[in-house]
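Student: here's a sequence, model it:
(2 chains)
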Amino acid sequence: MSTVIKAADTVDTHGVDTHGGHHAEHHAGWVRWLYATNHKDIGTLYLWFAFAMFITGGVMALGIRAELFQPGLQFWQPEFFNQLTTLHGIIMVFGAIMPAFTGLANWMLPLMLGAPDMAFARMNNWSFWLLPPAAALLLISLFVPGGAAAGGWTLYPPLSAQAGMGMDLAIFSIHLLGLSSIMGSINIITTILNMRAPGMTLLKMPLFAWTSLVTAYLLIAVAPVLAGAVTMLLTDRHFGTHFFSAAGGGDPVLFQHIFWFFGHPEVYIMALPAFGIVSQIIPTFARKPLFGYVSMVYATCSIAILSFMVWGHHMFSVGMPATAQLFFMFLTMLIAVPTGVKVFNWIATMWQGSLTFETPMLFAIGFVCLFTVGGFSGLVLSIAPVDTQMHDTYYVVAHFHYVLVAGALFSLFAAVYYWLPKWTGYMYHEGRGKLHFWWSMVWFNVTFFPMHFLGLAGMPRRIPDYALQFTDFNTVASVGAFCFGLGQLLFFYNVIHTIRGGVGPAPASPWEGGNTLEWEVASPAPHHTWESPPDIETVRRGLIAQAVEEKP
Amino acid sequence: MTSSTAQRKNQVLAVKLGLLALLMFGFGYALSPFYAAFCQWLGIDRADASLTRPGTSIRVEFDVNVAPGLPVAMQALDGVVTAQAGGLLKSRFVLRNDSDQALTVRAVPSFAPVRAAGLLQKLECFCFDALTLQARETREVTVVLLIAEQLPLEMGAATLSYSLQRGAAAGAG
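Tutor: Presented below is the predicted three-dimensional model:
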């Protein structure tokens, strides 16, 4: 803990020792990034790392779709195909989406809250630099004897207890990723709770801060549980324990319970920050305050609390008493209520607003539409007797890609286009941004919508070969996947183009309806911002514009 | 608030959150004994060592159906039973006559898969004879199965289903 305490020395909350934590600026070149303690530098590192992992996981996805283009084995042996599906899942969840949200929180929270930096700058550096070794472990595992982990991202024993050393590397990687998440969360919570601008009470802070706060709490509660589960797996594999080995008095089903106690809140760890981003963007481009701010906060909290009580819906087909099935089924359905409140509020925010459809808004609206589709297929799967039929079919694959790609990923695209002017000081090319949106929107649906049909027709997930009747929809999905993947090169181009000057300099507040504090600082945001906290009038003006504070 | 008290506040919160994370790590481990206790308390069957040696045990599930229109309720008290090869298995059922007159019923057994019938021999069964239930009577009945000495490796589980029919007073099972 001494590191943590020391790290605090480097950050000054408002005032006295403002140069303490900013050794980074004295370093040039790559050393600047290695020693980075500035929240903007670390945010940038997180975002680029997430993008690199997104491309890595994406290439694996294309490997999967290439194999599934037609029946039969074309490119990979089943063993390698299973490694691809497993690593694709782990990399996208832990390497791409979660770090991207942490990166956004790092970049934006201090700016939006009026804080000079994150609470613990050096721990922040450590949180990030644990990620590259974790990613390296996963990638190296592809080349060890027996190959990478191949039992699915859920790592169920007994398969995972018998797998080769690739599984050990995956376990260590998950340890590092978990540690990084926990430290990142401690930083986020402390920054939000202790370092807000004067006058910004909890129920007046931007919704992105709220969702980040709740997400960080979820992570602190469940990341250690996953760490425990994989540690038990590790000791079962090598040190003679029998947590999950029936021969020694353990039970493999126990792993599933522990995993999903982590795994279901994890779903919301990937969804709640997206809700926060969309709740910032829609009011900006509707030029209206967010409808139902307080109900949004309560919905966020209720989703988080419910997420701890529904893990059993991932295990309907494992076998459990009917009473337990009903318990998990009804509680799962209950989550649709706060989520419905959110969707309602987003629509009500747009209702009679002065809408314009810049790229961030398009991605946000795309998010609302497609996330709702994913939510509804989730409701279908929550019905225990239906789930018995759909379990481990492509319907489930379709469902969670609607939630995670059109949900989390689209919100991340929205966030990048929304804040890119603030980060780079330049405007992106609107036409190419829109092209990126429409391209992604169309090909996403071409890829994943047919998977609903495949699942309903009974195609199982995690298989390299399939029965002939599934050919047509698989071909369509594979074409869609390659086009979707190709479109992300346009995203990369758009970002690089903007960094290099884009279509011209961006004003401090490029969006007409932006009322949160980050738009009060210059574009690009200077290396140090809010070294003295924003004055109470500036804060109040923004809060009144967001309708979270009454006009005097 | 001065800089150092703000830092102090941050550190205290960080330590608390760190402790929460440690606590949750321990919670993950605590789930292991909780799980065992929970399964025992609720009577849920869970994996045990006998299941890891294929061919030495069999899981028998009991299913009950009542013919349409027959005012009798039937329930398996031991829905799922795991038994050892060469051992005995006992399962209980409860029958309840919901009508105001005496009824004679007969339970017709069937196995799935069918060849399980040869491996699970009924030593004693309420299905051998027709049963007469008095008006509003509730009765507990049993079946005792002898499991074959040698179980085929692939025979992990079998279902024994009883269909309750309106029966004649006489007859043999």
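Student: A:G480: neighbouring residues, count only.
Tutor: 21 (other CB atoms under 10 Å in any protein chain shown). In short, each C-beta sits where N, CA and C put it, glycine included.
Student: residues contacting it?
Tutor: With contact taken as CB atoms under 8 Å, 6 or more residues apart in numbering or on different chains, A:G480 is in contact with A:W443, A:F444, A:N445, A:V446, A:T447, A:F448, A:P450.
Student: residues touching residue 42, list them.
Tutor: I'll assume chain A. Neighbour list for A:I42: A:A36, A:G103, A:N106, A:M118, A:N124, A:N125, A:S127, A:F128 [criterion: CB under 8 Å, 6+ apart].
Student: switch to chain B, please.
Tutor: Neighbour list for B:L42: A:P321 [criterion: CB under 8 Å, 6+ apart].
Student: can you report how many residues lie near the closest residue to chain B within chain A?
Tutor: Residue of chain A nearest chain B, by CB to the nearest CB: A:G228 (2.7 Å). By other CB under 10 Å, 24 other residues sit near A:G228.
Student: give me the element it is part of.
Tutor: Following DSSP states H and E, one finds A:G228 within helix A:207-238.
Student: please name the nearest non-neighbouring residue to the residue of chain A closest to chain B.
Tutor: Spatially, and ignoring its direct neighbours in sequence, A:G228 is nearest to B:G28 (2.7 Å; CB to CB, 6 or more residues apart in numbering or on different chains).
Student: neighbours of that neighbour, how many?
Tutor: For B:G28, the neighbour count with other CB under 10 Å is 22.
Student: what helix or strand does it sit in?
Tutor: Counting by DSSP H and E, the element that carries B:G28 is helix B:3-42.
Student: next, the angle from that helix to helix A:207-238.
Tutor: Put simply, helix B:3-42 runs at 50 degrees to helix A:207-238, going by axes from the mean of the first three to the mean of the last three CA atoms, to 10 degrees.
Student: can you pull the contacts of A:P321?
Tutor: Contacts for A:P321 (CB under 8 Å, 6+ apart) come out as B:L42, B:I44.
Student: oh, that last question was meant for A:H88, not what I typed.
Tutor: A:G57, A:M60, A:A61, A:I64.
Student: OK, contacts around the closest residue to it other than its chain neighbours?
Tutor: Spatial nearest neighbour of A:H88, excluding adjacent residues (CB to CB, 6+ apart): A:M60 at 4.1 Å. Counting by CB under 8 Å, 6+ apart, A:M60 makes contact with A:L84, A:L87, A:H88, A:I91.
Student: tell me which of these fall in helices.
Tutor: The helices, defined by DSSP state H, take in A:L84, A:L87, A:H88 from those.
Student: still on that earlier bit, got the contacts of A:G480 as JSON lines, with neighbour count and distance to chain B columns?
Tutor: Below are those laid out as JSON lines (neighbours: other CB atoms under 10 Å in any protein chain shown; distance: CB to the nearest CB, whole Å):
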{"residue": "A:W443", "neighbour count": "19", "distance to chain B": "40"}
{"residue": "A:F444", "neighbour count": "23", "distance to chain B": "35"}
{"residue": "A:N445", "neighbour count": "16", "distance to chain B": "38"}
{"residue": "A:V446", "neighbour count": "17", "distance to chain B": "41"}
{"residue": "A:T447", "neighbour count": "24", "distance to chain B": "36"}
{"residue": "A:F448", "neighbour count": "25", "distance to chain B": "33"}
{"residue": "A:P450", "neighbour count": "21", "distance to chain B": "36"}
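Student: just give me the closest of those residues to A:M195.
Tutor: Closest approach between those and A:M195, by CB to CB: A:F444, at 37.6 Å.
Student: could you give the mean pLDDT of the stretch of helix or strand the residue nearest to A:H88 belongs to?
Tutor: A:M60 is part of helix A:39-67 when elements are defined by DSSP H and E. Average pLDDT, helix A:39-67: 97.
Student: leaving out sequence neighbours, find the closest residue to B:Q101.
Tutor: Nearest non-adjacent residue to B:Q101, counting by CB to CB, 6+ apart: B:A135, 5.4 Å away.
Student: tell me the strands beside the host helix or strand of B:V60, with direction?
Tutor: Element membership for B:V60, per DSSP H and E: strand B:57-66. Partners of strand B:57-66 in the sheet, by DSSP bridges, are strand B:80-84 (antiparallel), strand B:157-166 (parallel).
Student: off-centre distance for it?
Tutor: Chain-centre distance of strand B:57-66: 8 Å, with CA atoms, centre = their mean, to the nearest Å.
Student: beyond it, next helix or strand please.
Tutor: Assigned by DSSP H and E, the successor of strand B:57-66 is strand B:72-76.
Student: hang on, the earlier thing: give the buried residues for the helix holding B:G28.
Tutor: Neighbour counts over helix B:3-42 (16 or more other CB atoms under 10 Å in any protein chain shown) mark B:3, B:6-7, B:9-11, B:13-14, B:17-18, B:20-21, B:24-25, B:27-29, B:31-32, B:35, B:39 as buried.
Student: and stretch A:332-339, by the same measure?
Tutor: Residues of stretch A:332-339 classed as buried: A:T332, A:L334, A:I335, A:P338, A:T339 (neighbour count, 16+ other CB under 10 Å).
Student: from those, which are also near chain B?
Tutor: For chain B, no contacts are drawn from the buried residues of stretch A:332-339 by CB under 8 Å from any CB of the partner chain.
Student: pLDDT at the residue of chain B found nearest chain A, what is it?
Tutor: Nearest to chain A, among the residues of chain B, is B:G28, at 2.7 Å (CB to the nearest CB). Looking at B:G28, its pLDDT stands at 93.
Student: one more: B:A112?
Tutor: 88.
Student: okay, now the residue nearest to A:P524 when sequence neighbours are not counted: neighbour count?
Tutor: Among residues not flanking A:P524 along the chain, A:G425 sits closest, at 3.3 Å (CB to CB, 6+ apart). Using other CB under 10 Å, the number of residues around A:G425 comes to 20.
Student: do I have it right that A:G425 meets A:G504?
Tutor: No - with contact defined as CB atoms under 8 Å, A:G425 does not reach A:G504; the gap is 10.1 Å.
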